[in-house]
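[1] Below is the sequence, then the predicted model.
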Amino acid sequence: MSKFLNNAMAGAILAVAGVAHAADTTTFEVKIVITESCDISAPSGTVVDFGTADRSSAPDPASAALTVNCTTGTPYSVSLNGGLFPDVDGTRRMTMGTNSIKYSLYKTGNTGQPWDASSPRTGTGSGAAQSLPVHGRVAAGSTNVPAGTYVDTVTATITY
């Protein structure tokens, strides 16, 4: 009989276990935060290079380009500082020792709109790299200086 009771109990337990179901649920959130972003770069070797000129004439205008990459739809503003040696009249100066040559940078063309901190270049991000030309012109009459290499460093700042 004990064998019969053991088999019966095992069968009852299996029957209960076979029909007993349990369930539980929970919820969770799926989320993403999209932020605006912009990068600005001067590709390797970027120089507004006026080449070689003699003292009697200003060199030809020169151009280079900055690259901006902002998320799609992000408005941006790019300003250029006055360089390391800004002049009181707003022009920039390339220097060699105590000597300098005045020059200007422009947003469009070589005599277009000046590009500086008070007159930034604006745009809207496309999600891809955008080229922003920088045009430069040496001031007439400013190349009557000692021979040598004159340089300046300008900082471009992007605000978005």
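    Alright, I've got the coordinates.
[2] residue closest to the middle of the protein?
    Among the residues of the chain, the one closest to the centroid is D39, at 1.6 Å (CA atoms, centre = their mean).
[3] For this protein, just list every one of the helices.
    Assigned by DSSP state H, the helices in the chain fall at 2-19.
[4] circling back to that earlier point, S100 versus the residue nearest to the centre of the chain, what's the distance?
    Note on D39: its distance to S100, by CB to CB, to the nearest Å, is 32 Å. The way it works is simple: take the backbone N, C-alpha and C, and place the C-beta from them, glycine included.
[5] now do A139
    Separation of A139 from S100 (CB to CB) stands at 10 Å.
[6] Least confident secondary structure element in this structure?
    helix 2-19 (a mean of 53; mean pLDDT, DSSP states H and E).
[7] Just the buried residues of stretch 141-156, please?
    S142, T143, Y150, D152, V154, A156 (16 or more other CB atoms under 10 Å).
[8] contacting residues for the third one?
    Shown here is Y150, whose contacts under the criterion CB atoms under 8 Å, 6 or more residues apart in numbering are M94, T95, M96, N99, S100, I101.
[9] and the third one, how many neighbours does it have?
    Using other CB atoms under 10 Å, M96 has 14 other residues around it.
[10] Look up the residues forming beta bridges with it.
    Per DSSP bridges, the residues bridged to M96 are N99.
[11] I'd say it and D152 touch.
    No - M96 lies out of contact with D152 (CB atoms under 8 Å); the separation is 10.4 Å.
[12] hang on, the earlier thing: can you name the two of the contacts of Y150 that sit furthest apart?
    M94 and N99 (9.5 Å; CB to CB).
[13] Looking at the two, which is more packed in?
    Between M94 and N99, counting by other CB under 10 Å, M94 is the more crowded of the two (23 against 12).
[14] Spatially nearest residue to the more buried one (excluding sequence neighbours)?
    Excluding the flanking residues, the one nearest M94 by CB to CB, 6 or more residues apart in numbering is Y150, at 3.8 Å.
[15] what separates that neighbour from S37, distance-wise?
    Taking CB to CB, one finds Y150 at 36 Å from S37.
[16] Check Q113 too.
    27 Å.
[17] Please apply the same query to D24.
    Distance of D24 to S37, computed by CB to CB: 41 Å.
[18] do G45 as well
    G45 is 25 Å from S37, by CB to CB.
[19] Between the two, tell me which one has more neighbours.
    Legend: neighbour count by other CB under 10 Å for G45 and S37, higher for S37 (11 against 7).
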